[in-house]
Structures are given as C-alpha cells and as structure tokens.
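K.L.:
3D, please:
(chains A and B)
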Amino acid sequence: MAVIVRFAPSPTGFLHIGGARTALFNWLFARHHGGQFLLRIEDTDRARSTPESVKTILEGLTWLGLDWDGEAVSQFARRERHVAVAHELVARGAAYRCYASPAELEALRAEQTAKGLPQRYDGRWRDRPASEAPPSVAPVIRLKAPLTGETTLHDRVGGTITVPNSQLDDMVLLRADGTPTYMLAVVVDDHDMGITHVIRGDDHLTNAFRQLNLYTAMDWTPPMFAHLPLIHGPDGAKFSKRHGSPAVHDYAALGYLPEAMRNYLVRLGWAHGDDEIFSTDQAIAWFNLEGLGVSPARFDFAKLNHLNARYLAQTDDSRLATLAEPFLVKAWGRDLTDVDRTRFLRALPDLKTRSATLVALAESARFYGIAPTLATWEPKARDLMTPEARTRLGTLLTRLEALPEPWTASKVEALFRTSAEEQGLKLGVFAQPFRAALTGSTVSPPIFTVAEIFGKNEVFERVKASLSLPDLA
RNA sequence: GUCCCCUUCGUCUAGAGGCCUAGGACAUUACCCUUUCACGGUAGUAACACGGGUUCGAAUCCCGUAGGGGACGCCA
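P.N.:
Sure thing, here's the model as predicted:
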C-alpha cells in the first residue's frame, strides 16, 4: 500500500518550529516510501483563519525545501462533505442533536471545576427526545461515544495506549451554525484523502482516542498514528506558536541555511545511530518511524549554530555570495558595487569558515566594504599603533612600493617575513599592526590574503591613514 | 482536579537483558597548529531521576515515588 501522509496546519499564524519539524518528518516519511506528502489547510475556524497565514506557512515550507504533492487543500472548502457525514451519523444513531446552550455548558464546567470533577459534557441530550428541545436554541450535533469500555491506540511512537471511555465525552461534530468542527473534518478528510499515516504533534494524542470512536462509528479503517513529542524552548518551557516559538522565517532572517535547519530539526526527536551531519538525501534514505524518540526535546541554538557554520563552510562560494548579498546590504547600509562583489567573492573562502550565520558572515566582511574610521577603530587595534609600529609600517610601505608586479599575498607575506627576520622579531609584530591598519581590528582573515584582495592602492591608502591616526587619550 | 505521556552527561542523543569500566555530537576546559580569529587535531570534565522487585546478570523488563509535559473548547 502506498504511503500517503499530510501536514495539516491551521492558518492562524506563522509556521513555527514545531510545525516545521512535523512537516519535515511527514515529508521525509513520504519521500522515503515514494509516497505522497499532502498539504491540508485546517481553516474551519473562520474567525481566526487568515489568507496571510496560509501564505506565510506556504512560504515557510518552501524556504525549508519541503515540496508538497498536488494543491494545498482547504478544509473549509470541503464543509459540505463534513456536514453530510455528520447527518449520516445522526441517521445511523451514532450522533445526536444537543440543545444545551454555550452558557449552560459553561455553567456545567464551572460546577464540575468547583466540585473537583473532570470537565466533561454530561450527555444530557444524548437520549432526550427532540420534542423537548427549547425553541430558541440552535442545536449542535454530537457524537454518541461509547460510555463504557476503553479505547486503545497503537501509536507508532507511544506504543499501545489505552484510555477508559468514561474519559471521553460526546464531542461536537457540527456547530450550532452548521459548520463542522476540526474533530469531524480531520477524520473525514484523512479518510477521504486516503491518509495512511498521521504523523503529528503529541498535543493531538488525546484527540486520537475521540477520533478513533468516530472512525468506528463510520465503519472506517483508521490510519496509523505517530504522535511526536513536543519541542520545548531552551528554558524547558512550552515552545509553540502560542508560546514564544520563533517563526521559520525568523530563522531565515537570522541567517540560517535551510539545509542546516533541516539537518538540525531532523535530529531533534529522531536519530539514526550516532549520525549527526548528513544530507537531506541521506535523511530520506534513512528516515523511519522506529528512529523517533519518545521524550520532548529542547531547542538548542548552540547546536544549530554549529551545524549552520558547518554548512556555511561547505557551501559553494558563488551560491553563498548570492545568499549573503541581502545581509551585506543590511550590514553595510548601502548597495553593493561590482568591486564589493568581486572582493567579497574572493574573500569568501577565508570568511566562511569564521561565521556561524549569514548575519555574522556579513558582519565579518564589513571592513572590505567600509574603511575603518576614527569612530570605528577598535581600542585594542589602536593600542597596536604604537610609535614603533608606525615606524615599521612606514618602512614596510617603502619596501612594498618597490615590490614587482603583480601584487600577491605571497609576495607581501615574504616581504613581511624578511623584515621580521632581519630585526629578529616575530612576524606578528609586523603583521598585527598591518591587520589593524587594513581592518581597524585585531581580528580578521589572514591579512596577506586580505592585502591581495584589496590591491596595492587600497592597502597604501589604509596604511597611510592609520599612520596619521591620533593617539588615544 | 481527571486522564494520558515522559525521565541516559548542561543540551540533542546511541542503547531493544550480558558487546556498557554507558558511545557520539553541541557546549565547556587544556594542549597542538598559527600573522590575529576561526577551521582542524588531541586530550579532559560530565549522565542511566529515586526506591523496590524479576533475573545468574538490568540503562534496558515489572511496580511504586518524585519531577516534567500534554489533553480536558460550538480552537485547531
């Protein structure tokens, strides 16, 4: 039997990290089995669903590289079918009309809470004839769930879980306004769409039992279920769309690569032995439900950073340059010139092993585009510009002037090494002030390569400017 | 409150009764490399929540305790 899975977000906000991982697992599972990964927008809550949310969620999935099969399905568009099923259930005697008003139910819950009882619908209209219905109340339709016995779920993550039916009340299928609830719609749609495996967050676990009763009432075969442990925030607290989880597009803006994000996310609650860094193709080849963990995981930015750094360092320079450009523009506060682009591309091999994110990468490249000014020189770099250092740099400039063309890193370096040797000093004594002069900082990629990328003119300009830098007070 | 679930280094995890003096990764510490910072390399610190049982033998099975989480909506 072909595998068909779905990701079913509700369009009431953005795509958060937990949803992204759920989508990823479904996607990996489908691709592994050569099955289908469907997308269904659970928009039956008309008050909270927005088209903007749908757009944001789709963009988030696209950024993550999760392509879905066919068109995204709107659950709301299928409401006629849901209503028909609800009525069929009533006809079968498996559901009934309930005339209890919202206020009445609220009072019931308040009373139960006061008495320390579980909050549950008490079935007051379960066997009451419609002739007793108050004329002013529009009824809802509720499932007639079994009162006794128990319901067992064979979850692919949690194992066999049994709940007494006394814990499950008669859930609403159709609201008073005639619209279907999520509980009804999700079962009908999963059935109609031929979903074979429902892989979703653990917060749906208790729903599964109620939904199982609905499958039974319709004589439908339920799909396999796999409930994923939730993701917690770095502090161990709840981490969801409603509780502080960042949106996927935030990670994009923070300078994370989608492939790094995928790799990080797949390891959060799933493992393949000791494997840590692997391609998406490898993940597809390896992914299975058996590798899923059972306990919640905390989101750890340090590990994400590490992975992203590794992916950044591996990324092809020209692609990386394209990805980084918007971050450069932001960091530099101006559009790039052709010279900027050329320099950045040449600098990239040395730059990309030094940054964890595109934001940091752009920041580390700032000196290429913006010459240090009095205001931007780092204090430690200025400390390097002692009178002796300035004298040495001045001498170096003269010798640099005499260097035969072309201007290369190795020639500049050789000159520096010779100068240091002649005076019996370490290379750093010469190289550090040079670094400070070119970058305004004590930290940079290898400085002779930097000098080559700048070219002779720019090097001379910056060194000369550094020689006239006023002393620190 | 009721029901359900979870518990291995700080974090993510390996572990399906003997392969475990518990492995890997991130973080962290030290050293090496070195023109700075990274990268890389080497070494180190660090965990089976607790208590009972089953067994020749338990991180692995069972029971209990504690802690954490989830659900309990005419939300999804």
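
K.L.:
CA atoms for contacts and neighbours, from now on please.
P.N.:
OK.

K.L.:
And the helices in the stretch 101-250 of chain A, which stretches?
P.N.:
A:102-115, A:182-192, A:205-218, A:248-253 (DSSP state H, counting those that start in this stretch).

K.L.:
worst average pLDDT in these?
P.N.:
Lowest mean pLDDT of the helices of the stretch 101-250 of chain A: helix A:102-115, a mean of 87.

K.L.:
Contacts for that one next, please.
P.N.:
Contacts with helix A:102-115, where a contact means CA atoms under 8 Å, 6 or more residues apart in numbering, come from A:118, A:119, A:120, A:121.

K.L.:
Pull up the per-residue confidence for the second one.
P.N.:
Just to be clear, that refers to residue A:119. With respect to pLDDT, residue A:119 has a value of 85.

K.L.:
Count the residues that sit near it.
P.N.:
14 (other CA atoms under 10 Å).

K.L.:
Next: the last one.
P.N.:
Here the count is done by other CA under 10 Å, and residue A:121 has 17 residues near it.

K.L.:
likewise the first one?
P.N.:
The number of residues packed near residue A:118 is 10, by other CA under 10 Å.

K.L.:
residues near the residue nearest to it when sequence neighbours are not counted, how many?
P.N.:
Distances taken as CA to CA, 6 or more residues apart in numbering place residue A:112 nearest to residue A:118, at 6.4 Å, with adjacent residues excluded. Neighbour count for residue A:112, taken as other CA under 10 Å: 15.

K.L.:
do the same with residue A:160
P.N.:
Counted with other CA under 10 Å, residue A:160 comes out at 10.

K.L.:
check contacts around it.
P.N.:
Counting by CA under 8 Å, 6+ apart, residue A:160 has contacts A:152, A:153, A:154.

K.L.:
Number of residues surrounding residue A:13?
P.N.:
Count around residue A:13 with other CA under 10 Å applied: 19.

K.L.:
right, and the secondary structure at it would be what?
P.N.:
Assigned with DSSP: H, G, I helix; E, B strand; the rest coil, residue A:13 falls in the coil class.

K.L.:
hang on, it packs against residue A:53?
P.N.:
Yes. With contacts counted by CA atoms under 8 Å, residue A:13 reaches residue A:53, the gap being 5.1 Å.

K.L.:
end to end, how far does stretch A:118-129 reach?
P.N.:
26 Å (CA to CA, to the nearest Å).

K.L.:
Return a PyMOL selection command for the buried portion of the contacts of residue A:160.
P.N.:
Selection command for PyMOL covering only the buried members of these, criterion 16 or more other CA atoms under 10 Å:
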select buried, chain A and resi 153
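
K.L.:
Let me have the contacts of residue A:160 in a markdown table, adding distance to residue A:230 and pLDDT as columns.
P.N.:
Below are these laid out as a markdown table (distance: CA to CA, whole Å; pLDDT from 0 to 100):
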| residue | distance to residue A:230 | pLDDT |
| --- | --- | --- |
| A:152 | 22 | 93 |
| A:153 | 19 | 94 |
| A:154 | 19 | 94 |
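
K.L.:
So which residues of the stretch 151-300 of chain A form strands?
P.N.:
With DSSP state E, counting those that start in this stretch, the ranges of strands along the stretch 151-300 of chain A come out as A:159-164, A:172-174, A:197-201, A:224-228, A:231-232, A:297-298.

K.L.:
Residue A:86 against residue A:94, yeah?
P.N.:
No. Checked against CA under 8 Å, the pair residue A:86 and residue A:94 is beyond contact range at 9.3 Å.

K.L.:
More neighbours: which of the two?
P.N.:
Set residue A:86 next to residue A:94 and count neighbours by other CA under 10 Å: residue A:86 wins out with 26 against 19.

K.L.:
element containing that one, please.
P.N.:
helix A:79-91 (DSSP states H and E).

K.L.:
buried ones in that helix?
P.N.:
A:79, A:82, A:83, A:85, A:86, A:87, A:89, A:90.

K.L.:
Same question for stretch A:25-37.
P.N.:
For stretch A:25-37, a neighbour-count test (16+ other CA under 10 Å) marks A:25, A:26, A:27, A:28, A:29, A:30, A:31, A:32, A:35, A:36, A:37 as buried.

K.L.:
Now flag whichever of those residues is closest to residue A:415.
P.N.:
Nearest to residue A:415 among those: residue A:28, at 55.4 Å, using CA to CA.

K.L.:
SS state for that closest one?
P.N.:
Going by three-state DSSP: residue A:28 is helix.

K.L.:
And it, how far from residue A:408?
P.N.:
Using CA to CA, one obtains 48 Å as the distance from residue A:28 to residue A:408.

K.L.:
correct me, but residue A:35 touches residue A:4?
P.N.:
Yes. Between residue A:35 and residue A:4 there is a contact at 5.6 Å, judged by CA under 8 Å.

K.L.:
Which residue ranges of the stretch 351-473 of chain A form helices?
P.N.:
A:358-364, A:366-369, A:379-384, A:387-401, A:409-422, A:427-439, A:447-454, A:456-467.

K.L.:
just checking, what packs against the longest one?
P.N.:
To tie it back to what came earlier, the one meant is helix A:387-401. helix A:409-422, helix A:427-439, helix A:456-467 (3 or more CA pairs under 8 Å, 6 or more residues apart in numbering; DSSP states H and E).

K.L.:
which bits of the stretch 51-200 of chain A sit near RNA strand B?
P.N.:
A:99-102, A:109, A:113, A:116-121, A:138-140, A:158, A:161-164, A:167, A:171-172, A:174-177, A:181-183 (CA under 7 Å from any atom of the strand).

K.L.:
mind checking how far the least confident helix or strand in chain A by mean pLDDT is from the chain centre?
P.N.:
Ranking every helix and strand in chain A by mean pLDDT, DSSP states H and E puts helix A:102-115 at the bottom, with a mean of 87. Centre-to-centre, helix A:102-115 and its host chain are 40 Å apart (CA atoms, centre = their mean, to the nearest Å).

K.L.:
Can you give me the buried ones in it?
P.N.:
Result for helix A:102-115 [16+ other CA under 10 Å]: buried residues A:108, A:109.

K.L.:
just stretch A:246-259 next, same as before
P.N.:
A:246, A:247, A:248, A:249, A:252, A:255, A:256, A:257, A:258, A:259.

K.L.:
In JSON lines: those, plus distance to residue A:271.
P.N.:
Below are the buried residues of stretch A:246-259 laid out as JSON lines (distance: CA to CA, whole Å):
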{"residue": "A:246", "distance to residue A:271": "24"}
{"residue": "A:247", "distance to residue A:271": "24"}
{"residue": "A:248", "distance to residue A:271": "22"}
{"residue": "A:249", "distance to residue A:271": "25"}
{"residue": "A:252", "distance to residue A:271": "25"}
{"residue": "A:255", "distance to residue A:271": "25"}
{"residue": "A:256", "distance to residue A:271": "22"}
{"residue": "A:257", "distance to residue A:271": "21"}
{"residue": "A:258", "distance to residue A:271": "19"}
{"residue": "A:259", "distance to residue A:271": "17"}
